[in-house]
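Enquirer: My questions concern the predicted model and sequence given below.
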Amino acid sequence: FRRFEEINTVDHDRFPSFNNDLRKAMFEEPVRYIEDTMRNGRSVLDLLYGNYTFVNPVLAKHYGMPDIAGGNETWVRVDNANQYGRGGVLPMAAFLTQNAPGLRTSPVKRGYWVVKRVLGEVIPPPPPNVPELPHDEAKMDLPLRAMLERHRSNPTCAACHARFDSFGLAFEGYGPIGEKRTTDLAGH
């Protein structure tokens, strides 16, 4: 999550809730989580499978959790966070936002991050002539999953995408700033 505070890809008109307070809270959540894991001798597996997280009032609201009494510096541990689609590092808004280009999600970026950072695989960079997906999810005629299926129909592309797309597609229930969602910005 290095340099998360410098992210400037989020469209503030489309996502007005993404302000400095939310950005700061998103950055602070994994720091508090990892610090708690280390200080309390928890299993390293909690980083992936933990069923708790830490939120302040701003992040609790973003995650659809009950209100937290106190100011932005009030942080609480939330157990049974899976009922809000949280728990462990991967469904944290910092990870999801950092690996999205602003006006849409990116299963490619999210999946690549998991494969590279969590699983330690080395995947070569894409060739220079790879077509880009549309920048605005609201203007896509197909769901991103279908667009990636079409892209993977090219055997040259499928070789690499088969290694990480499925990891990223697992996070399509989260929007560009890590909010839970049931439809994409185009209503798919």
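Expert: Arrived safely, thanks for sending.

Enquirer: Off-centre distance for stretch 89-97?
Expert: In this view, stretch 89-97 has its centroid 4 Å away from the chain centroid, taken as Cα atoms, centre = their mean, to the nearest Å.

Enquirer: what about it, how long is it end to end?
Expert: The first residue of stretch 89-97 is 13 Å away from its last residue (Cα to Cα, to the nearest Å).

Enquirer: next one: stretch 169-185
Expert: Length of stretch 169-185, first residue to last, Cα to Cα: 16 Å.

Enquirer: neighbouring contacts of the helix or strand of the chain with the lowest mean pLDDT?
Expert: In the chain, the helix or strand scored least confidently by mean pLDDT, DSSP states H and E is helix 155-161, which has a mean of 85. Taking Cβ atoms under 8 Å, 6 or more residues apart in numbering as the criterion, the residues outside helix 155-161 that touch it are 108, 123-124, 126-127, 130, 148, 151-152. The way it works is simple: take the backbone N, C-alpha and C, and place the C-beta from them, glycine included.

Enquirer: try 7 Å
Expert: Contact with helix 155-161 is made by 123, 148, 151-152, as judged by Cβ atoms under 7 Å, 6 or more residues apart in numbering.

Enquirer: Just those: which are in helices?
Expert: 148, 151-152 (DSSP state H).

Enquirer: Which one of those residues sits in the busiest neighbourhood?
Expert: Leu148 (21 neighbours; other Cβ atoms under 10 Å).

Enquirer: what separates it from Gly168, distance-wise?
Expert: From Leu148 over to Gly168 the distance is 9 Å, taken as Cβ to Cβ, to the nearest Å.

Enquirer: Which residues are in contact with each of those two?
Expert: Here Leu148 and Gly168 have Pro107 as joint contacts, going by Cβ under 7 Å, 6+ apart.

Enquirer: mind listing the helices for the chain?
Expert: Secondary structure of the chain (DSSP H): helices at 20-39, 46-49, 57-63, 93-98, 107-113, 144-152, 155-161, 165-169.

Enquirer: Deepest-packed of those, please.
Expert: Mean neighbour counts were taken over those using mean count of other Cβ atoms under 10 Å, and the top value, a mean of 24, falls to helix 93-98.

Enquirer: Packing partners of that one?
Expert: helix 20-39 (3 or more Cβ pairs under 7 Å, 6 or more residues apart in numbering; DSSP states H and E).
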